[in-house]
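J.: Predicted model follows, preceded by the sequence.
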Amino acid sequence: MRCADGLDFLKPASDGVKAKILDLGLKDSLEQCGKSCKELNGEMKGDMKSLRAKWRVQNIESISREAQQQQERAALLAAELEKQNQEEYDDDRDLQLQQVNGEMAAHQLLLANCAVASDDLKQLAIVSVKLKDVYAEGAGSSNAAGVSKDVIDKLKEARIEAGKMTAKSGGKNQIGIF
């Protein structure tokens, strides 16, 4: 997994950005991204892993939207402070501008981490199924194997796996994900 599971992961980030993450209360959100990936990668299999991954993707996307909104607000405030500073310089305003720029950097780091975590979780949510050796012999026998259109539309990457399925003398075999 490539996503951060805590502040120790952020070695390349400046101490100021790490401090801002703590000040803004973003540490839990940052850690949630990494923990989501690690827990899912080791604890579950199959459909439950896929469903849990999709649910966590939604949670991380919610965190990401909130971070994006906070970053946009900080950017607007920074632009206004910069404009005021150009008209008339003020030390307090300049200090506030530096603080807002630090907040923007912290939110940007969280957004990047959310994107990586979401990407990792989406990979865990892929269903993989293969299909081979399907036979139908004799009068009235039939075989239908496939993945419903809804599933294909949702996953966009489905592989179906089944081996040595036979139907003889009027028997039927059907396999699918519905």
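T.: That came through, no problem.

J.: and after the helix or strand residue 84 falls within, which helix or strand comes next?
T.: Assessed by DSSP states H and E, residue 84 sits inside helix 46-87. Going down the chain from helix 46-87, the next helix or strand is helix 91-124, by DSSP H and E.

J.: tell me the angle of that following helix relative to helix 46-87?
T.: 160 degrees (axes from the mean of the first three to the mean of the last three Cα atoms, to 10 degrees).

J.: Helix 91-124 - contacts with which helices or strands?
T.: Judged by 3 or more Cβ pairs under 8 Å, 6 or more residues apart in numbering; DSSP states H and E, the packing partners of helix 91-124 are helix 15-23, helix 27-43, helix 46-87. Using the backbone N, CA and C atoms, a C-beta is placed for each residue, glycine as well.

J.: weakest of those helices by average pLDDT?
T.: Set side by side, those give their lowest mean pLDDT on helix 27-43, at a mean of 60.

J.: In contact with the closest residue to residue 101 other than its chain neighbours, which residues?
T.: Leaving aside its sequence neighbours, residue 101 sits nearest to residue 78 (Cβ to Cβ, 6 or more residues apart in numbering; 6.0 Å). Residues near residue 78 by Cβ atoms under 8 Å, 6 or more residues apart in numbering: 97, 100-101, 104.
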